[in-house]
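Peer 1: model this:
(one chain, ligands or ions: 1)
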Amino acid sequence: MPRPRARIHLVPNTRPIHANAQRAASGRYSAARLFLEGLIGHRGWSRAWHKATPRPRYRVVIVGAGGHGLATAYYLATEFGIHDVAVIEKGPLGLGNVGRNTTIIRSNYFRPDNVRFYDYSLRLWEGLERRLNFNAMVSQRGTLNLFHTESQRDLFTRRANGMRLLSVDALALERDAVKALVPLVDLDNGRYPVLGGFLQPRGGTVRHDAVAWGYARAASAAGVDIIEHCEVSSIRRAGQRVRGVDTPYGLIEADTVCLAVAGHSSHLAAMAGLRLPIETHVLQAFVSEPVKPVLDVVLTYGAGHFYVSQSDKGGLVFGGGIDGYNSYGQRGTLPMAEDVAAAGLTLMPGLARLRVLRQWGGVMDMSMDGSPIISRTPLDGLVINCGWCYGGFKAIPAGGMATAHLIARGEPHPLAAHLDLDRFATGRTLDERGLGPFPYAH
Ligand SMILES: Cc1cc2nc3c(=O)[nH]c(=O)nc-3n(C[C@H](O)[C@H](O)[C@H](O)COP(=O)(O)OP(=O)(O)OC[C@H]3O[C@@H](n4cnc5c(N)ncnc54)[C@H](O)[C@@H]3O)c2cc1C
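Peer 2: Okay, the predicted model is just below:
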């Protein structure tokens with residue numbers, strides 16, 4: 001849809017809120033339908049989601065059609081019966097971090113409250129494709145974290161024991177088991193020999209943009225308006241209450257405005273007069289040329305920041321840490337690319353033979369304690385979902401469910417109550433990695 005050139009003033013729309021019947025529903029996807037469509041030249045497919053034009057008022061307006069915004073809308077409609085919802089996106093849907101990440105899902109966290117939250121997300125991933133009727137290529141191939149020192153072994157053992165006490169899967173692997181699982185790893189590399197690893201068998205990968213498309217399709221079918229190419233330029237307040245958002249279509253009013261804009265969270269919150277404990281940083285990722293299957297687990301290096309998995313197309317998808325400076329640029333710097341390559345080659349020297357096909361960056365909403373925020377704010381009617389640092393993809397199902405719960409019920413989801421904004425004012429921070437109040441370090 002072309003970006004509207006002039007400001008269009010909204011007129012009340014008589015379209016019923018539950019306009020599903022009038023929408024070109026994309027129907028149920030199945031092998032039988034694929035076969036039948038093949039017989040008629042694939043002329044029966046329609047748009048996966050309805051391209052909506054906004055109404056002047058909604059019960060809930062969600063800003064940001066990334067994973068969290070779309071999942072929130074979907075669960076509002078399907079779990080809480082709130083269909084009068086618009087998701088407003090400044091660009092095309094799914095080109096933010098949800099379509100830029102390295103697709104890893106896992107729940108191997110240290111803090112019990114975080115383990116519970118991320119494992120809830122993993123359980124939602126496990127049934128998601130069936131529920132959305134969309135192939136998101138959920139692949140529970142396992143995530144393997146390597147350790148290289150005895151103190152790291154102790155730390156990982158403690159984390160794994162904590163997970164197991166919460167009935168979450170974690171296995172300790174000795175060196176020979178690591179080698180059997182990933183023959184490419186150089187256990188005795190000259191820099192940081194590998195002493196062993198911890199495997200979470202239920203961890204893995206999910207095709208990132210299919211997650212955005214799947215939630216968008218299902219939310220649209222449930223009556224949600226998805227409005228692309230519609231940038232929010234300001235947030236209207238009436239005293240301490242948020243009234244709505246200004247867009248190229250004019251003011252769109254709402255009882256609740258939810259910001260789910262990831263790397264743009266502090267920018268959008270500032271429009272409402274709020275200062276968030278968030279910094280925006282750039283994070284890069286890379287994909288190699290495709291090769292035959294060589295890696296069927298997600299592997300992370302423990303002596304530097306490097307992680308890698310193999311996509312179904314054969315490319316090795318890998319990344320490292322954030323570049324370490326504040327930026328809204330969706331590209332990174334060469335020094336960090338070199339750092340990631342050095343770590344990767346230490347661990348798997350065979351990678352030196354591969355060519356890098358693509359490199360890109362995303363803007364990360366780094367919180368001061370490394371944990372996310374799903375919370376009401378000091379302004380009535382304004383809810384935020386942010387602070388995902390570079391781990392928010394795995395959290396999309398739980399983040400969406402918890403944000404929808406907060407909006408619909410007015411109280412936090414029991415598994416996300418610890419993620420409130422107040423914790424920064426009261427000193428009850430959730431420093432998952434024990435790194436202190438330094439966003440670049442999380
Ligand atoms: C390179 C990289 C690798 C990563 N790897 C992983 C990983 O392996 N596992 C993991 O769990 N996480 C990973 N992440 C993090 C994860 O992708 C993010 O934490 C998560 O996607 C953020 O939530 P989101 O999907 O809702 O954000 P986004 O997709 O960024 O959605 C926010 C949306 O808000 C829109 N927006 C912003 N401003 C406005 C405005 N003014 N008006 C309207 N719309 C606006 C944006 O255009 C965007 O579409 C990675 C991130 C990157 C960049």
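Peer 1: near the ligand, which residues of this structure?
Peer 2: Counting by Cβ under 6 Å from any ligand atom, the positions of the chain adjacent to the ligand are 63-69, 88-91, 96-98, 100-104, 231-232, 260-264, 268, 283-285, 319, 362, 388, 390-394. For glycine as for every other residue, the C-beta is placed from the backbone atoms N, C-alpha and C.
Peer 1: low-confidence bits of the chain, can you list those?
Peer 2: 1-24 (pLDDT under 70).
Peer 1: if you set the cut-off to 80 instead, what comes out?
Peer 2: Across the chain, residues meeting the criterion (pLDDT under 80) sit at 1-25.
Peer 1: can you pull the domain assignment for it?
Peer 2: Following automatic domain parsing, the chain resolves into domains at 28-100+208-277+369-441, 143-201+279-367.
Peer 1: selecting buried members of the residues of the chain next to the ligand in ChimeraX, what would you type?
Peer 2: A single ChimeraX command selects the buried members of the residues of the chain next to the ligand (16 or more other Cβ atoms under 10 Å):
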select :63,64,65,66,67,68,69,88,89,90,96,97,98,100,101,102,103,104,232,260,261,262,263,264,268,283,284,285,319,362,388,390,391,392,393,394
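Peer 1: which SS class is the residue sitting nearest the centre point of the chain?
Peer 2: Residue closest to the average C-alpha location in the chain (Cα atoms, centre = their mean): Phe393, at 2.4 Å. Classification of Phe393 using DSSP: H, G, I helix; E, B strand; the rest coil returns coil.
Peer 1: secondary structure class for Phe156?
Peer 2: Following three-state DSSP, the label given to Phe156 is helix.
Peer 1: quick one, what contacts it?
Peer 2: Contacts for Phe156 (Cβ atoms under 8 Å, 6 or more residues apart in numbering) come out as 145, 147, 172, 198, 302.
Peer 1: show the buried residues in those.
Peer 2: 145, 147, 198, 302.
Peer 1: reformat those residues as CSV; add secondary structure.
Peer 2: Below are these laid out as CSV (three-state DSSP):
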residue, secondary structure
Asn145, strand
Phe147, strand
Phe198, strand
Gly302, coil
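Peer 1: next, give me the two most distant ones among these.
Peer 2: Pairwise distances across these (Cβ to Cβ) peak at 9.5 Å, for the pair Phe198 and Gly302.
Peer 1: before we move on, the earlier item: relative to Ser121, which of the domains of the chain is closest?
Peer 2: Ser121 lies closest, by Cβ to Cβ, to one member of the domains of the chain: domain 28-100+208-277+369-441, at 3.5 Å.
Peer 1: for the closest one, measure first residue to last.
Peer 2: Taking Cα to Cα, to the nearest Å as the measure, domain 28-100+208-277+369-441 stretches 45 Å from start to finish.
Peer 1: off-centre distance for that domain?
Peer 2: Put simply, domain 28-100+208-277+369-441 sits 11 Å off its chain's centre (Cα atoms, centre = their mean, to the nearest Å).
Peer 1: rewinding a little: which one of the domains of the chain lies nearest to Asn114?
Peer 2: Per Cβ to Cβ, nearest to Asn114 of those: domain 28-100+208-277+369-441, 5.8 Å.
Peer 1: rewinding a little: hey, which of the domains of the chain is tucked in deepest?
Peer 2: domain 28-100+208-277+369-441 (a mean of 20; mean count of other Cβ atoms under 10 Å).
Peer 1: now Pro412. Nearest residue, chain neighbours left out?
Peer 2: Nearest non-adjacent residue to Pro412, counting by Cβ to Cβ, 6 or more residues apart in numbering: Leu406, 5.6 Å away.
Peer 1: same question, Met366
Peer 2: Distance criterion Cβ to Cβ, 6+ apart; nearest residue to Met366, sequence neighbours excluded, is Pro439 at 3.6 Å.
Peer 1: wait, doesn't the one you found sit right on Leu276?
Peer 2: No - contact between Pro439 and Leu276 fails when scored by Cβ atoms under 8 Å: they sit 11.1 Å apart.
Peer 1: any idea how far the residue nearest to Pro412 lies from the ligand?
Peer 2: According to Cβ to the nearest ligand atom, to the nearest Å, Leu406 and the ligand sit 15 Å apart.
Peer 1: helix/strand/coil for that residue?
Peer 2: helix.
Peer 1: I'd say it and Thr377 touch.
Peer 2: No - the criterion here is Cβ under 8 Å, and Leu406 misses it with Thr377 at 11.1 Å.
Peer 1: give me the common contacts of the two.
Peer 2: In contact with both Leu406 and Thr377: Val383, using Cβ under 8 Å, 6+ apart.
Peer 1: max-length helix in this protein?
Peer 2: When the chain is parsed with DSSP state H, its longest helix is helix 112-132.
Peer 1: send the alpha carbons of that helix over as PDB?
Peer 2: In PDB, the C-alpha atoms belonging to helix 112-132 read as follows (Å, rounded to 0.1, in the frame of the first residue of the first chain):
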ATOM      1  CA  PRO A 112      13.900 -18.700  38.500                       C
ATOM      2  CA  ASP A 113      11.300 -16.000  37.500                       C
ATOM      3  CA  ASN A 114      13.000 -15.700  34.100                       C
ATOM      4  CA  VAL A 115      13.300 -19.500  33.600                       C
ATOM      5  CA  ARG A 116       9.500 -19.800  34.300                       C
ATOM      6  CA  PHE A 117       8.700 -16.900  31.900                       C
ATOM      7  CA  TYR A 118      10.900 -18.100  29.000                       C
ATOM      8  CA  ASP A 119       9.900 -21.700  29.400                       C
ATOM      9  CA  TYR A 120       6.300 -20.700  29.200                       C
ATOM     10  CA  SER A 121       7.200 -19.100  25.900                       C
ATOM     11  CA  LEU A 122       8.900 -22.300  24.800                       C
ATOM     12  CA  ARG A 123       5.800 -24.300  25.600                       C
ATOM     13  CA  LEU A 124       3.700 -21.800  23.600                       C
ATOM     14  CA  TRP A 125       6.100 -22.200  20.600                       C
ATOM     15  CA  GLU A 126       5.600 -26.000  20.900                       C
ATOM     16  CA  GLY A 127       2.000 -25.700  19.900                       C
ATOM     17  CA  LEU A 128       2.100 -22.500  17.900                       C
ATOM     18  CA  GLU A 129       2.100 -23.700  14.300                       C
ATOM     19  CA  ARG A 130      -1.000 -25.900  14.900                       C
ATOM     20  CA  ARG A 131      -2.700 -23.000  16.700                       C
ATOM     21  CA  LEU A 132      -1.900 -20.400  14.000                       C
END
